[in-house]
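Student: here is my input; please provide its structure:
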Amino acid sequence: MRILLIHPNYHSGGAEIAGNWPPAWVAYLAGALKSAGYTDVRFIDAMTNDLSDEALAARIAAEKPDIVGATAITPSIYKAERALQIAKETNPNVVTLLGGVHATFMFKQVLSEAPWIDAVIRGEGEEILVDVVRAIASGEWAARRREIKGLAFTEPSQQGAQIVATPAAPTVKNFDAITPDWGLLEWSKYKYIPLNCRVAIPNMARGCPFTCSFCSQWKFWRDYRIRDPKKVVDEIETLYQQYDVRFFILADEEPTINRKKFVQFCEELIARGLPDKVQWGINTRVTDILRDEELLPLYRKAGLLHVSLGTEAAAQLKLDLFHKETKVADNRKAIHLLREAGIVVEAQFIVGLENETAETLEETYRMAQEWKPDLANWSMYTPWPFSQLYQDMSDKVEVFDFEKYNFVTPIIRPEAMDRGELLDRVMNNYRRFYMQKALFSYPWAGTSQRRRYLLGCLKAFLKAGFERKFYDLGKVGYWGPQSRKKVDFHFDKSRTIAPAQMANWVANADRSRKAQVSLVDAKACGGGIEQMADDDVVGATVDR
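Tutor: Next up is the predicted model:
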């Protein structure tokens, strides 16, 4: 039983400007498969190798797989669908599987537009994929697939083709039991430009208890689980010793949520002498940095070099809209604390909602100057169709070409400007911010390691800008303010949207938030509240 995993060839001009990122999903799924006895697992990284359809078809034909699996975030969904179509064209008998957050919630649309996909794996894939492979290996796939939780697939009926969704599978409870197989990856290809070294993205925890309205990750993972810190450090030590990885970014939405475990993680890194060999970065919340003010020196001693903060907005109104549960003043203090601890800090701003104006964009630039982060990133608001914020403002969304849902393309058209002007003003913020940093900040940025890192980040930024890959500027025809009226984002207007399929999907954070709201309402009415059942969901059959 040969299993082939494919990372689709999608490029956006966003995070990839810092280098080639190793697809961690492959390592974790392959590890689960091999632990279950399925050792013939192959991998094609079509993205890193920039494979054409013809080259991918040749590679698939050479591998002769029985099962082909791919994953997709929203912007890569069409590339993933096409990769599986190529697999089916190469061998009509191959079983094609698709996973990932987009397919999990949009399975009805995915299966309707890509009928060559045999099944969608909804949610975390490790345990579900093993169940699927067992059914296929035993020859019972057609007979047993309705019994496997966490699937969606199409089957014929008297009324025509129907899409069947089985009950949602439980989340992976024994996270520590998964031993990822990093050996499948082509490590010479995964370089982090700022430090000119190999990079990895290990996973310490899954899930998030917060319910930011623009985010879908907390919905996908459903509940929060964290690994034994020693096992995570074991993995990082293996990545260093066997694959010469010298920089890693924790894949977690917020790795500092569990302070006790995060401190144990840092102490274990220090005890093994790894900070002298491996540096690392995280994304986290402003509130955690304020909470851990006294621990920041420990974090830096453990090798933490780069923190990307979800500051999100310069205006309190937007922070409240995003459910960030922070104040603008908190953002400034958190940035100051990180810089004092010698940690490079990146401020993230979400721009491009319908009420964006030239003044609000200028305000984010002024805030970036006042807060003094080392790095700043202006991300276009991307309306995930399965997020709460999308539901609240769906009447403002007029572009359903998911390939452009990539944080760099303006999906929402602000009422006060067109998309070309929005892009131009965001680029103006980048130009001014990094010009000042290049001339007056980075060359004198403290310790040699900190200075070297920031100059490396500047190199990555300038390289992507020179190649016109940053923000996909070359593809959209942006060459400066003089070209903003001629920018063409190449939206495919023929693409439409189907409703997100979440009727049988409950995230613990969402349940908790709804319970709190209901409790407040009940108290206000002088009544009680029924205890919410923790039922895991029911199956569903929907017409195609």
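
Student: use CA for all of it now, contacts and neighbours both
Tutor: OK.

Student: and the helices in the stretch 101-250 of the chain, which stretches?
Tutor: Along the stretch 101-250 of the chain, counting by DSSP state H, counting those that start in this stretch, helices occupy 101-105, 107-113, 125-137, 141-144, 217-221, 229-243.

Student: distance to residue 493 for those helices - can I get that in a markdown table?
Tutor: As requested, the helices of the stretch 101-250 of the chain are arranged in a markdown table below (distance: least, C-alpha to C-alpha, whole Å):
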| stretch | distance to residue 493 |
| --- | --- |
| helix 101-105 | 20 |
| helix 107-113 | 15 |
| helix 125-137 | 32 |
| helix 141-144 | 37 |
| helix 217-221 | 27 |
| helix 229-243 | 44 |
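
Student: point out the most buried one among these.
Tutor: Of all the helices of the stretch 101-250 of the chain, helix 101-105 has the most neighbours on average by mean count of other C-alpha atoms under 10 Å, namely a mean of 25.

Student: just the mean pLDDT for it, thanks.
Tutor: Taken as a whole, helix 101-105 has a mean pLDDT of 91.

Student: now do the contacts for the closest residue to residue 445 other than its chain neighbours.
Tutor: Of all residues beyond its chain neighbours, the one nearest residue 445 is residue 451 (4.8 Å), with distances taken as C-alpha to C-alpha, 6 or more residues apart in numbering. Residue 451 makes contact with 442, 443, 444, 445, according to C-alpha atoms under 8 Å, 6 or more residues apart in numbering.

Student: of all these, the one with the weakest confidence?
Tutor: Ranking those by pLDDT, residue 445 lands last with 83.

Student: now do the end-to-end distance for stretch 408-427.
Tutor: End-to-end span of stretch 408-427 (C-alpha to C-alpha, to the nearest Å): 11 Å.

Student: distance from that stretch to the middle of the chain?
Tutor: How far stretch 408-427 lies from its chain's middle: 23 Å, per C-alpha atoms, centre = their mean, to the nearest Å.

Student: what does stretch 437-455 give?
Tutor: The answer for stretch 437-455 is 29 Å, by C-alpha atoms, centre = their mean.

Student: check stretch 86-94 too.
Tutor: 29 Å.

Student: quick check: residue 305 is in a helix.
Tutor: No: assessed with DSSP: H, G, I helix; E, B strand; the rest coil, residue 305 is strand; it does not lie in a helix.

Student: phi, psi for the closest residue to it other than its chain neighbours please.
Tutor: Closest residue in space to residue 305, ignoring its immediate chain neighbours: residue 343 at 5.1 Å, by C-alpha to C-alpha, 6+ apart. Backbone torsions for residue 343, taken as degrees, to the nearest 10, come to phi -100, psi 130.

Student: contacting residues for residue 343?
Tutor: 300, 304, 305, 306, 307, 450.

Student: one more: residue 69?
Tutor: 3, 4, 5, 6, 84, 96, 97, 98, 99.

Student: check residue 51 too.
Tutor: residue 9.

Student: by neighbour count, which of the contacts of residue 69 wins?
Tutor: The residue in the contacts of residue 69 with the most neighbours, by other C-alpha atoms under 10 Å, is residue 98 (30 neighbours).

Student: got phi/psi on it?
Tutor: phi -130, psi 130.

Student: what's across from it in the sheet?
Tutor: residue 70, residue 120 (DSSP bridges).

Student: what pLDDT is listed against it?
Tutor: 98.

Student: and it, what does it touch?
Tutor: 69, 70, 71, 72, 80, 81, 117, 119, 120, 121.

Student: of those, closest to residue 408?
Tutor: residue 72 (17.6 Å; C-alpha to C-alpha).

Student: find the nearest non-adjacent residue to the closest one, please.
Tutor: residue 100 (5.2 Å).

Student: what about that neighbour, how many neighbours?
Tutor: Neighbour tally, residue 100, other C-alpha under 10 Å: 21.

Student: on that earlier part again, which one of the helices of the stretch 101-250 of the chain lies closest to residue 492?
Tutor: Nearest of the helices of the stretch 101-250 of the chain (C-alpha to C-alpha): helix 107-113, 14.8 Å.

Student: tell me what that closest one is packed against?
Tutor: strand 151-155 (3 or more C-alpha pairs under 8 Å, 6 or more residues apart in numbering; DSSP states H and E).

Student: for the strand it packs on, packing partners?
Tutor: Counting by 3+ C-alpha pairs under 8 Å, 6+ apart, strand 151-155 packs on helix 107-113, strand 119-121, strand 162-165.

Student: who's in contact with the longest one?
Tutor: When contacts are taken as C-alpha under 8 Å, 6+ apart, the neighbours of helix 107-113 outside the stretch itself are 103, 117, 120, 152, 153, 154, 163, 497, 498, 501, 544.

Student: you'd agree residue 350 is in a strand?
Tutor: Yes: residue state for residue 350 (three-state DSSP) corresponds to a strand.

Student: distance check, it against residue 208.
Tutor: Applying C-alpha to C-alpha to residue 350 and residue 208 gives a distance of 20 Å.

Student: if we can go back for a sec, lowest average confidence across the helices of the stretch 101-250 of the chain, which one?
Tutor: helix 217-221 (a mean of 68).

Student: contacting residues around the longest helix along the chain?
Tutor: When every helix of the chain is counted residue by residue (DSSP state H), the longest turns out to be helix 419-440. With C-alpha under 8 Å, 6+ apart as the test, helix 419-440 has contacts from 352, 358, 361-362, 365, 368-369, 374, 376-378, 410, 413, 455, 458, 480-481, 484-487.

Student: can you list the buried residues in that helix?
Tutor: Across helix 419-440, burial judged by 16 or more other C-alpha atoms under 10 Å covers 419-430, 433-434, 437.

Student: show me how far the helix or strand following that helix is from its chain's centre.
Tutor: Once the chain leaves helix 419-440, the next helix or strand it forms, by DSSP states H and E, is helix 448-466. In terms of C-alpha atoms, centre = their mean, the centre of helix 448-466 is set 23 Å apart from its chain centre.

Student: report the rounded mean pLDDT for helix 448-466.
Tutor: Helix 448-466 comes out at a mean pLDDT of 92.

Student: ok, the spatially closest residue to residue 204 that is not a sequence neighbour - how many residues close by?
Tutor: Nearest residue to residue 204, sequence neighbours excluded (C-alpha to C-alpha, 6+ apart): residue 227, at 5.6 Å. By other C-alpha under 10 Å, 18 other residues sit near residue 227.
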